[in-house]
Every structure is written in C-alpha cells, then in structure tokens.
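A.B. asks: Build me a model from this:
(one chain, ligands or ions: 2)
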Amino acid sequence: MSPCRKCTAECCRYIAQQIDAPRSKEAFEHIRWFLAHKHVSVYIEKRKWYLEFKTDCKYMGPDHTCTIYAKRPQICREHKISECEYHPGAFDHEVVFTTLESFDTYLKKRFPSKKKKRIRRT
Ligand code: SF4
Ligand code: SF4
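C.D. replies: Ligands and ions are numbered 1, 2, ... in the order given. Next up is the predicted model:
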C-alpha cells in the first residue's frame, strides 16, 4: 500500500525556495528577519540554504488529496515518495532554524567573539 494513503499530505503543506548562502552581516540580518515571522524556517541541505513557509496548498481537498490532479504544477509531478518527508533519511536537513534565537545561537558558534585581553595596570 502506498504510504500516501496513510499520510495527511505533508508534501502539500509548505513551499521552500533556495536562497543565497549568507555571507555578509546584512544577509545574516535578513535571515534573522525571516525567522521573526510565524510559519517560516530556514534550513541547510547539502550546503545549500532554503527558506521554507509552512502553508497548506489551496487545492488540497478535505481528504488530503489533490483536487487539481490533472493540472497540478510540475514540481508536484516531480515529487518522489523516495524523497518525501516520510521516507527515512530522505529529509534530514543538516541544520534547521525555526526561531530567531536558534539562528543567533548558530551565529555565536560560527563567529565566536574574541575575548578581550585584560590589561593589567601596574
Ligand atoms: S509523498 Fe510523502 S508526504 Fe506526500 S502524501 Fe505521500 S507519503 Fe505523504
Ligand atoms: S497542487 Fe495538488 S499535489 Fe500540488 S501541492 Fe497542491 S494539493 Fe498537493
């Protein structure tokens, strides 16, 4: 039996878009801004960065099937069960940020501030 029969169509409940890997302070601040919003996350997969919005497709029916199956977008046609959310190991992002705080923790680890040298007064 196809796993889709038991699933509530997780693959129809988000959109994700690759973004440039941040390299500047401004780019990091943009990601902090993305993560300040509800239903938004950022993840890294195979060294590529993605912005994800959790949002249900308008064409998902009440029984979680596609109501426009014959004219569904190409990206839906290309989606493989072997790469889907329920296939073990297929959806293991290297890093996922769901909150601004989790991204700040990552930034602190990536760019540790240099400890100030104590100056001894004689
Ligand atoms: S492809 Fe995966 S996520 Fe999509 S309906 Fe099937 S089992 Fe669910
Ligand atoms: S168009 Fe159909 S297959 Fe594509 S995301 Fe929407 S409900 Fe799912």
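
A.B. asks: Near ligand 1, which residues of this structure are found?
C.D. replies: By C-beta under 6 Å from any ligand atom, the residues of the chain that approach ligand 1 are 3-4, 7, 9-11, 81, 84-86. C-beta: built from backbone N, CA, C; applies to glycine.

A.B. asks: For ChimeraX, what selects the buried ones among those residues?
C.D. replies: Applying 16 or more other C-beta atoms under 10 Å to the residues of the chain next to ligand 1, the buried members can be selected in ChimeraX as follows:
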select :9,11
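
A.B. asks: could you dump the residues of the chain next to ligand 1 to JSON lines with pLDDT and distance to ligand 2?
C.D. replies: Converted to JSON lines, those look like this (pLDDT from 0 to 100; distance: C-beta to the nearest ligand atom, whole Å):
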{"residue": "3", "pLDDT": "79", "distance to ligand 2": "15"}
{"residue": "4", "pLDDT": "84", "distance to ligand 2": "10"}
{"residue": "7", "pLDDT": "87", "distance to ligand 2": "11"}
{"residue": "9", "pLDDT": "92", "distance to ligand 2": "6"}
{"residue": "10", "pLDDT": "90", "distance to ligand 2": "10"}
{"residue": "11", "pLDDT": "92", "distance to ligand 2": "7"}
{"residue": "81", "pLDDT": "83", "distance to ligand 2": "13"}
{"residue": "84", "pLDDT": "81", "distance to ligand 2": "12"}
{"residue": "85", "pLDDT": "72", "distance to ligand 2": "13"}
{"residue": "86", "pLDDT": "71", "distance to ligand 2": "15"}
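
A.B. asks: Disregarding residues adjacent in the polypeptide, which is nearest to residue 9?
C.D. replies: residue 64 (4.1 Å; C-beta to C-beta, 6 or more residues apart in numbering).

A.B. asks: Mind checking what secondary structure the one you found has?
C.D. replies: Put simply, residue 64 is coil when judged by DSSP: H, G, I helix; E, B strand; the rest coil.
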